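In: this is a predicted model, with the sequence first.
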There are 2 protein chains.
Amino acid sequence: MAPERPRRADARRNYDQIVAAAEAEIARHGADASLEEIARRAGVGSATLHRHFPSRQALLEAVFHDRVELLCARARELADGPDVGAAFGEWLQAVAVYGATTRGLARSLLGGGGGGGGSGVREPGRPTDSTCEAMLVDAGGELLRRAGDAGAVRPGVSIVDLLTLVNAVSLATEGSPDAAGEATRLVQLALEGVRPH
Amino acid sequence: MAPERPRRADARRNYDQIVAAAEAEIARHGADASLEEIARRAGVGSATLHRHFPSRQALLEAVFHDRVELLCARARELADGPDVGAAFGEWLQAVAVYGATTRGLARSLLGGGGGGGGSGVREPGRPTDSTCEAMLVDAGGELLRRAGDAGAVRPGVSIVDLLTLVNAVSLATEGSPDAAGEATRLVQLALEGVRPH
DNA sequence: TGCAAAATGGGGTGGCACCCCGTTTCACGT
DNA sequence: ACGTGAAACGGGGTGCCACCCCATTTTGCA
């Protein structure tokens, strides 16, 4: 799914221009931004966009790849800190806030489960095989393992479930006036649970 | 937003046929089903559909209204049972499972925050004023209040947050092969929290 | 520099949301 | 029963979009 970097110079140039234009358009109009408009702003034909990115998901992956990598780097930093349990919660909060405030990211990570809507939704359970999600699962999984060893996480909790939950929160709060605050509150709720301690 | 029932006999007949066709199409293709196809299957012109339901959200509300009412009735039943705390958790699970297995419902309840898509997503923060969500907030709020009185729920937890969280889970798991199981697991995780007790 | 392969993009197709406005159907009063 | 005004209808138009075809251009390498 994740497109390889093209080999020829002109192709690489167009690829980069498309990703840059997509980043801007998605920030403006969300994950359902018009692919034609992106191609137009990138100065390429729409066929070129579709050749480089056979699906909307592939384009989203390329747009968010670098930012997701930053989140993963942060996870690795936190894993070496003093209080791994608190660090894990903090990281999940960061992922939630980042997803809630970066239009399109949450959808990209959940494999287009929204749609979009609109038109951003695909029917068949196609193997999304999201590279971005895999990256987060790797980095977050290590952090979770250490937090579990420190006794800060209930056993049986999986990183995939947690990330799904956090991304779901991002998706639900994206577009709200106070997306960051709402996402933080909801993740906090999920981390602490509903019952009294 | 919620459309009033039309007065004239033919209008009422068309209205019902549209809702029935929409229910079938949405079950088949999700919340982003084609409105033209729905009109076609209902045997009406597309203009008639748009006159009765000025937005996709309005149609979704009409389609799911009855089913949501059932969930609310269940909440009222559970509120009179012996163990209100357990009942509350059970009800949230039911909402999550129902949303995860009924295509389009979660999107409808979150006011089209997915969209998916696709064209199922709207940019401006239009006042969704979802009747279905208000119904769930009312019925669930009462249940939450009683569970709180029984000491089964941490103070400061709001029903709106909980329903947002649960609907987010529905949205994220909708379309998965085992949507019900996954939704159940994630809600359970959120109810119990991440830290050990 | 020449040439095969890679890459391009204009334009076509089919589908969609949404709306205009001439036509049909209904409800109500007589 | 029937005429009439208002309500409702729907065919068809507009503009936008995803996605693809294929004649043409650009590139890298020998």
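Out: Perfect, thanks for sending it.
In: please count neighbours and contacts with C-alpha atoms only from this point.
Out: Will do.
In: how about the strands in chain A?
Out: Applying DSSP state E to chain A gives strands spanning A:116-119.
In: write out the residues of it neighbouring DNA strand C.
Out: Selection of chain A residues close to DNA strand C by Cα under 7 Å from any atom of the strand yields A:6-8, A:10-15, A:43-48, A:51-52.
In: in PyMOL, how would I select the buried members of these?
Out: In PyMOL, this line selects whichever of the residues of chain A next to DNA strand C come out buried by 16 or more other Cα atoms under 10 Å in any protein chain shown:
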select buried, chain A and resi 14+15+44+52
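In: among the residues of chain A next to DNA strand C, which are in helices?
Out: Mapping the residues of chain A next to DNA strand C onto helices (DSSP state H) picks out A:10, A:11, A:12, A:13, A:14, A:15, A:46, A:47, A:48, A:51, A:52.
In: possible to save the residues you listed as CSV with pLDDT?
Out: Output for those, formatted as CSV (pLDDT from 0 to 100):
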residue, pLDDT
A:10, 97
A:11, 98
A:12, 97
A:13, 98
A:14, 98
A:15, 98
A:46, 98
A:47, 98
A:48, 98
A:51, 97
A:52, 98
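In: looking at the residues you listed, which is nearest residue A:66?
Out: Set against residue A:66, the nearest of those by Cα to Cα is residue A:15 (15.0 Å).
In: that closest one - nearest residue in space that isn't next to it in sequence?
Out: Excluding the flanking residues, the one nearest residue A:15 by Cα to Cα, 6 or more residues apart in numbering or on different chains is residue A:52, at 6.9 Å.
In: which positions within stretch A:158-170 qualify as buried?
Out: A:159, A:160, A:161, A:162, A:163, A:164, A:165, A:166, A:167, A:168, A:169, A:170.
In: from these, which land in helices?
Out: A:159, A:160, A:161, A:162, A:163, A:164, A:165, A:166, A:167, A:168, A:169, A:170.
In: what does stretch A:80-97 contact?
Out: Outside stretch A:80-97, the residues that touch it by Cα atoms under 8 Å, 6 or more residues apart in numbering or on different chains are A:71, A:74-75, A:78-79, A:143-144, A:146-148, A:150-153, A:163, A:166-167, A:169-170, A:179-181, A:183-184, A:187-188, A:191.
In: please save the CA atoms from that stretch in CSV.
Out: C-alpha atoms of stretch A:80-97 as CSV (Å, rounded to 0.1, in the frame of the first residue of the first chain):
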residue,chain,number,x,y,z
ASP,A,80,13.9,5.7,28.9
GLY,A,81,12.5,8.2,31.4
PRO,A,82,12.0,7.6,35.2
ASP,A,83,8.2,7.0,35.4
VAL,A,84,7.3,4.7,32.6
GLY,A,85,3.7,4.3,33.7
ALA,A,86,3.0,8.0,33.6
ALA,A,87,5.0,8.3,30.4
PHE,A,88,2.8,5.8,28.7
GLY,A,89,-0.4,7.7,29.6
GLU,A,90,1.2,10.9,28.5
TRP,A,91,2.2,9.4,25.2
LEU,A,92,-1.3,8.1,24.5
GLN,A,93,-2.6,11.6,25.3
ALA,A,94,-0.1,13.1,22.8
VAL,A,95,-1.3,10.6,20.1
ALA,A,96,-4.9,11.5,20.8
VAL,A,97,-4.3,15.3,20.7
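In: rounded mean pLDDT for it, please.
Out: Average pLDDT, stretch A:80-97: 97.
In: circling back to that earlier point, can you lay out the buried residues of stretch A:158-170 as TSV showing distance to chain B and pLDDT?
Out: Output for the buried residues of stretch A:158-170, formatted as TSV (distance: Cα to the nearest Cα, whole Å; pLDDT from 0 to 100):
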residue	distance to chain B	pLDDT
A:159	11	98
A:160	10	98
A:161	7	98
A:162	8	98
A:163	10	98
A:164	7	98
A:165	6	98
A:166	9	98
A:167	8	97
A:168	5	98
A:169	6	98
A:170	9	97
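In: quick check: the farthest pair among these?
Out: A:159 and A:170 (16.2 Å).
In: please report how far residue A:144 lies from residue A:151.
Out: From residue A:144 across to residue A:151, the span is 10 Å (Cα to Cα, to the nearest Å).
In: chain center to stretch A:145-157, what's the gap?
Out: The chain centre lies 24 Å from the centre of stretch A:145-157; the measure is Cα atoms, centre = their mean, to the nearest Å.
In: where does pLDDT dip in chain A?
Out: Residue ranges of chain A with pLDDT under 70: A:1-2, A:112-129.
In: which of the ones in helices among the residues of chain A next to DNA strand C come close to DNA strand D?
Out: With Cα under 7 Å from any atom of the strand as the criterion, these include A:10, A:46, A:47 near DNA strand D.
In: and chain B, is the longest helix seen in chain A touching that?
Out: Longest helix in chain A, counting residues (DSSP H): helix A:56-79. No. Helix A:56-79 lies out of reach of chain B by Cα under 8 Å from any Cα of the partner chain, never closer than 10.6 Å.
In: which ones are touching residue A:194?
Out: Listed by Cα under 8 Å, 6+ apart, the contact set of residue A:194 reads B:153, B:154, B:157, B:190, B:191, B:192, B:193.
In: how about it: what's its closest non-neighbour residue?
Out: Excluding the flanking residues, the one nearest residue A:194 by Cα to Cα, 6+ apart is residue B:191, at 4.9 Å.
In: do I have it right that the one you found meets residue A:196?
Out: No. Taking Cα atoms under 8 Å as the definition, residue B:191 is not a contact partner of residue A:196, at 10.4 Å.
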